[in-house]
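1. Show me the folded form of this:
(one chain, ligands or ions: 1)
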Amino acid sequence: MKKVITYGSFDLFHEGHYRLLQRAKALGDYLIVGVTTEHYDESRGKMNVVDSLMDRIENVRKTGFADEIIIEDHVGQKVEDIMKYGVDIFTVGSDWTGVFDYLKDYCQVVYLERTKDISSTMLRAKKYNIIRLGIIGTGRIASRMIPEVKYVSGINTDAVYNPHIESARRFAEQFELNKYMDDLEEFYAEIDAVYIASPHQTHYEYIKSAVQHRKHVLCEKPMVLKKEQAKEVFRMAEENRVVLMEAVKTAYCPGFNQLLSIVRSGAIGSVRDVEACFTKLENPLSRELTDKSYGGSFTELGSYTILPVLKILGKDFKELEFKSHWAANGLDIYTKAYFTYENALATSKNGLGVKSEGQLIISGTRGYIIVEAPWWKTTSFEVRYEDRSQNEKYFSKFLKEGLRYEIGDFVSGINGFGDKHFKLTKGESITMAGIMEKFMETRHAE
Ligand code: CTP
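-> The predicted structure is shown next:
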């Protein structure tokens, strides 16, 4: 019996997929089809797969060509499968010609002619119009965003806004954007969604104006610095039926989400402590250390370090206390936030003028999880137990700047699926704003 194997995402199942499977089956007697998991697709940079894994499997099954359907969830699996199932022929469409020649050591490799003028990417673009993204602000984080947007299908950066037209022009030139404006009305007329990357204190007004113009909003952290403002902007977004998301990138990245799932599965028992630290020594002349109104360690880094606290222990802490080292200009160069929950404690450590180990430790009644620095770009973590032989290490991808994950979720939200935003809920964002507000009060009291 001649065994054939092929792999794919088979998203929005189309004629190209059907014809590929038909010819793959005809190459032998028994066809195995590997369907990719969302996690695997995401880790190889393929965002915005629309259909669920179950639907994609069902569509492959319905063709009647597959004798067996398996799931592909990691790099290197093809070789394992070929050996495990005793495969004679590996086949895939001609868009992959050459890529899988290394499998010739194990079996025959056949590239089948790809069906012209059809692909999942095309169908996604047809089904959901390409989202025209505009960027407010032209600083460092905005420039990191542009190359990342290119990795996500269904969205394109079209325009940039800056009240200083010269900055907007320079930015547009650098990133080859056609449109740059210093007039918000003109800007909104050209776009469907905005990414706000302007200074913290300007977020609130920009969010309100964008939402009123019915533009979807992805806003840099901290989104706003007051709880009531956060409630108000979410309410306005709901009324105007647009997506509003806070861009705390860690919340959307695969490794951090895998970590949360493991914690929730009870692998370390009941969580009793979360300690998260993020420090980044900044130039004393930087905006972060000189902007007396909104600079400082906690406003800059706190969104990251309170994220795992809220995700793991929830929003209902009993007490919250801040301790800081203050610079002569009144800004905190180092802040520790202490959370007390009914059955747990948590600490968030943040420093722009003090350096420490950027790790995350989650301690439970059965064991603990350690995520090494930089934990906010989670690529690996270890679950550790008293009996060290039980320890287990997990690995995950965090590609380049890691902003593509939040953009992927933003696009999904706009297109109306995955609109539950469980990765960073509205309630969590509002709580974060409340924590920022409380910190600002202690700061002004100094
Ligand atoms: N395929 C094909 N003809 C097409 C599209 C896909 O023969 N017009 C083949 C691919 O070469 C692959 C299989 O179908 O062997 C599954 O491909 P997949 O990546 O799921 O489909 P695409 O439509 O190429 O998806 P995307 O646009 O997301 O890359």
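2. In the protein, where is pLDDT below threshold?
-> 45, 417-420, 444-446 (pLDDT under 70).
3. what does the longest helix anywhere in it rub up against?
-> Once the chain is assigned using DSSP state H, the helix that runs over the most residues is helix 426-445. The contact list for helix 426-445, computed with Cβ atoms under 8 Å, 6 or more residues apart in numbering, reads 221-227, 229-231, 234, 246, 248, 296, 298-299, 302-303, 306-307, 310-311, 315, 320, 322, 324, 330, 332, 335, 337. C-beta: built from backbone N, CA, C; applies to glycine.
4. Which members of the residues you listed are classed as buried?
-> Restricting the contacts of helix 426-445 to buried positions leaves 221-225, 227, 229-231, 234, 246, 248, 296, 298-299, 302-303, 306-307, 310-311, 320, 322, 324, 332, 335, 337, with burial counted as 16 or more other Cβ atoms under 10 Å.
5. before we move on, back to that, now find how far off-centre the longest helix of the chain is within its chain.
-> 23 Å (Cα atoms, centre = their mean, to the nearest Å).
6. Would you mark the buried spots in that helix?
-> Going by 16+ other Cβ under 10 Å, helix 426-445 has these buried residues: 426, 428-437, 439-440, 442-443.
7. ok, K25 to T36 distance?
-> Distance, K25 to T36, using Cβ to Cβ, to the nearest Å: 19 Å.
8. Please read the previous query as pertaining to T290.
-> From T290 to T36 the distance is 48 Å (Cβ to Cβ).
9. Likewise for I118?
-> Looking at I118 against T36, where the rule is Cβ to Cβ, the gap reads 19 Å.
10. what's near enough to touch the residue of the chain found nearest the ligand?
-> Across the chain, the shortest distance to the ligand (Cβ to the nearest ligand atom) belongs to G93, at 1.8 Å. For G93, the contacting residues are G16, L20, Y111, L112, E113, R114, T115, by Cβ under 8 Å, 6+ apart.
11. Check those for burial and list the buried ones.
-> Here, 16+ other Cβ under 10 Å leaves G16, L20, Y111, L112, R114, T115 buried among those.
12. Restricted to strands, list the residues you listed.
-> Y111, L112 (DSSP state E).
13. check the buried ones among the contacts of G93 against the ligand, which are close?
-> G16, L20, R114, T115 (Cβ under 6 Å from any ligand atom).
14. pretty sure the third one contacts S94?
-> Yes - A contact is recorded between R114 and S94 when judged using Cβ atoms under 8 Å, the distance being 4.6 Å.
15. Just checking the distance from stretch 239-253 to the centre of its chain.
-> On Cα atoms, centre = their mean, the centre of stretch 239-253 falls 10 Å from that of its chain.
16. And for stretch 269-276?
-> With Cα atoms, centre = their mean, you get 23 Å for stretch 269-276.
17. Buried ones in it, by neighbour count?
-> With burial defined by 16+ other Cβ under 10 Å, the residues of stretch 269-276 counted as buried are V271, R272, D273, V274, E275, A276.
18. And for stretch 331-343?
-> L331, D332, I333, Y334, T335, K336, A337, F339, Y341.
19. and if you look at stretch 63-70?
-> Quick answer for stretch 63-70 (16+ other Cβ under 10 Å): T63, F65, A66, I70.
20. How about the first one, nearest residue that isn't a chain neighbour?
-> This points to T63. Setting aside the residues directly before and after it, T63 is nearest to L21 in space (Cβ to Cβ, 6 or more residues apart in numbering), at 5.3 Å.
21. so that neighbour sits right up against K62, yeah?
-> No - the criterion here is Cβ under 8 Å, and L21 misses it with K62 at 10.5 Å.
22. who's more crowded, the two?
-> L21 (23 against 11; other Cβ atoms under 10 Å).
23. quick one, what contacts that one?
-> T6, L31, V33, V60, T63, F65, A66.
24. quick one: secondary structure of the fourth one?
-> Taking DSSP: H, G, I helix; E, B strand; the rest coil as the rule, one finds V60 in the helix state.
25. Tell me how many other residues crowd it.
-> Count around V60 with other Cβ under 10 Å applied: 23.
26. how far away is it from Y151?
-> Separation of V60 from Y151 (Cβ to Cβ): 26 Å.
27. now the strands: where do they sit in the stretch 1-150 of the chain?
-> Applying DSSP state E, counting those that start in this stretch to the stretch 1-150 of the chain gives strands spanning 3-8, 30-36, 68-72, 89-93, 108-112, 131-136.
28. Tell me which of these sits nearest to R366.
-> Among the strands of the stretch 1-150 of the chain, the nearest to R366 by Cβ to Cβ is strand 68-72 (29.2 Å).
29. can you tell me the helix or strand for the residue lying closest to I207 once chain neighbours are set aside?
-> Spatial nearest neighbour of I207, chain neighbours left out: V233 (4.7 Å); criterion: Cβ to Cβ, 6+ apart. When elements are assigned from DSSP states H and E, V233 belongs to helix 227-239.
30. Identify all contacting residues around that helix.
-> 204, 207-208, 211-212, 217, 223-224, 243-244, 426, 429-434, 437.
31. Next, the contact list for the residue nearest to the residue of the chain closest to the ligand when sequence neighbours are not counted, please.
-> Excluding its sequence neighbours, the residue lying closest to G93 (Cβ to Cβ, 6+ apart) is R114, at 4.2 Å. Counting by Cβ under 8 Å, 6+ apart, R114 makes contact with G16, L20, G93, S94, D95.
32. partners of the residue lying closest to the second one once chain neighbours are set aside in the sheet?
-> Yep, that's L20 we're talking about. Excluding the flanking residues, the one nearest L20 by Cβ to Cβ, 6+ apart is G93, at 5.6 Å. Counting by DSSP bridges, G93 is bridged to L112.
33. ok so, going back, TSV please, covering the strands of the stretch 1-150 of the chain and showing distance to Y102.
-> TSV is the format used below for the strands of the stretch 1-150 of the chain (distance: least, Cβ to Cβ, whole Å):
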stretch	distance to Y102
strand 3-8	14
strand 30-36	17
strand 68-72	16
strand 89-93	10
strand 108-112	9
strand 131-136	37
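34. Quickly compare the ones you listed and say which is most buried.
-> strand 131-136 (a mean of 25; mean count of other Cβ atoms under 10 Å).
35. Measure how far that one is from the centre of its chain, please.
-> Distance, centroid of strand 131-136 to centroid of chain: 18 Å (Cα atoms, centre = their mean).
36. swap in stretch 268-284?
-> Its chain's C-alpha centre and that of stretch 268-284 lie 19 Å apart, by Cα atoms, centre = their mean.
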